[in-house]
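J.: Need a 3D model of the following:
(chains A, B, C and D)
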There are 2 protein chains.
Amino acid sequence: MAKRPLPSARPLDSFDREILRIVQQDNKTPQRMIAEAVHLSAAAVQRRIAAMEQAGVIRRNVALVDPDALAVSVTAIVEVFLRDERTASIDRAKALFRATPEVQQCYYTTGGTSFVLVILTQDMRSYEALTRSLFSDHEWVASFRTLVALDRVKADTSIVIP
Amino acid sequence: MAKRPLPSARPLDSFDREILRIVQQDNKTPQRMIAEAVHLSAAAVQRRIAAMEQAGVIRRNVALVDPDALAVSVTAIVEVFLRDERTASIDRAKALFRATPEVQQCYYTTGGTSFVLVILTQDMRSYEALTRSLFSDHEWVASFRTLVALDRVKADTSIVIP
DNA sequence: AATGAAAAACTACACTA
DNA sequence: TAGTGTAGTTTTTCATT
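T.: Modelled structure (predicted):
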């Protein structure tokens, strides 16, 4: 449940988009500097940011941490195939993946595959253990296919500490 | 080239990890509150955060934006297969994917697949156009397989504005 | 849009493990 | 020596006009 239609009072104008572009790269940028860059007053920038946070356009403000620094060495992309695609099965799977911190990302997809997950773990042992509790232990998972990332070429994601 | 071993002056202690856990969820949390939570002074927290930013443990501080708010409606997970896996081919591919803003994430992987990409575009038309310039136009791409996300179940990623 | 008050971030310095 | 806490300074945020 709970998608995010949200009041969405006003559509974003080009000022909003410019502000977003900046805070997406560095949300510690002083509003004073943002103001200068987009040619608005600092107060206006502040109100727009507050409004966008309120409206859910800005979801969260976070520090992006290097996984290596946390000794998280395994990045796996996993395709998961469910035995059936009834709503109940899908919802159950979504709930499980959402509740599992090692599952950093989860997409429900077309194309035969049911889900694609991005999983981070400390090492291969814990990855193997995780796959057991996530997949092998459930009869409603038909199969899964793991791709281990040798290089995180581009991956600015908000990781969750293990 | 250019991995990120980095001076890595000191290994993270449990204070650092606690601080990270907090700023990963909300990097606007006042240092005063963080200090209270981890039982340190605000100044100590400030110094530790600065040190971790310096050391690259904290990569960036960003606002996470809802893709829907930016009318980015297509999320695709793409497996890319290269014709050959020589270093030069791989590096060329990495460079291309890194330089393409719509490619939000890129992993180089084991398991037959060469790369897994997460791509965001406005709509299907622009996705189709993008695949042409990314894949079809290059003879060194053997093939690719697209999985379109019907639901971004879990995806707290720092997206790039189109 | 500009001013001013409140709060947060940062700095200097003395102290302690 | 490396790191902390206190206290004082600067900068940013936020509310009011």
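
J.: At the contact with DNA strand D, which residues of chain A appear?
T.: Contact residues, chain A versus DNA strand D (C-beta under 7 Å from any atom of the strand): A:K28, A:P30, A:Q31, A:R32, A:A42, A:A43, A:Q46, A:A50. Glycine gets a C-beta too; all of them are placed from N, C-alpha and C.

J.: quick one: which of the residues you listed is nearest to B:T87?
T.: For these, the minimum distance to B:T87 (C-beta to C-beta) is 37.9 Å, reached by A:K28.

J.: and the closest residue to that closest one other than its chain neighbours, helix, strand or coil?
T.: Excluding its sequence neighbours, the residue lying closest to A:K28 (C-beta to C-beta, 6 or more residues apart in numbering or on different chains) is B:N61, at 4.9 Å. For B:N61, the assignment made with DSSP: H, G, I helix; E, B strand; the rest coil gives strand.

J.: surely A:Y127 meets A:S133?
T.: No: if you go by C-beta atoms under 8 Å, A:Y127 and A:S133 don't touch, sitting 11.2 Å apart.

J.: Looking at these two, which one has more neighbours?
T.: A:Y127 (21 against 11; other C-beta atoms under 10 Å in any protein chain shown).

J.: How about the more buried one, nearest residue that isn't a chain neighbour?
T.: Per C-beta to C-beta, 6+ apart, closest to A:Y127 is A:T121, 4.4 Å.

J.: what does the model give that neighbour for pLDDT?
T.: pLDDT for A:T121: 96.

J.: show me what contacts the residue nearest the centre of chain A?
T.: With distances taken as C-alpha atoms, centre = their mean, A:Q105 lies nearest the centre of chain A, 5.1 Å away. By C-beta atoms under 8 Å, 6 or more residues apart in numbering or on different chains, the residues touching A:Q105 are A:L117, A:V118, A:T157, B:V118, B:K154, B:A155, B:D156, B:T157.

J.: mind listing which of the residues of chain A next to DNA strand D are in strands?
T.: Per DSSP state E, strands hold no members of the residues of chain A next to DNA strand D.

J.: Good, we can wrap up now.
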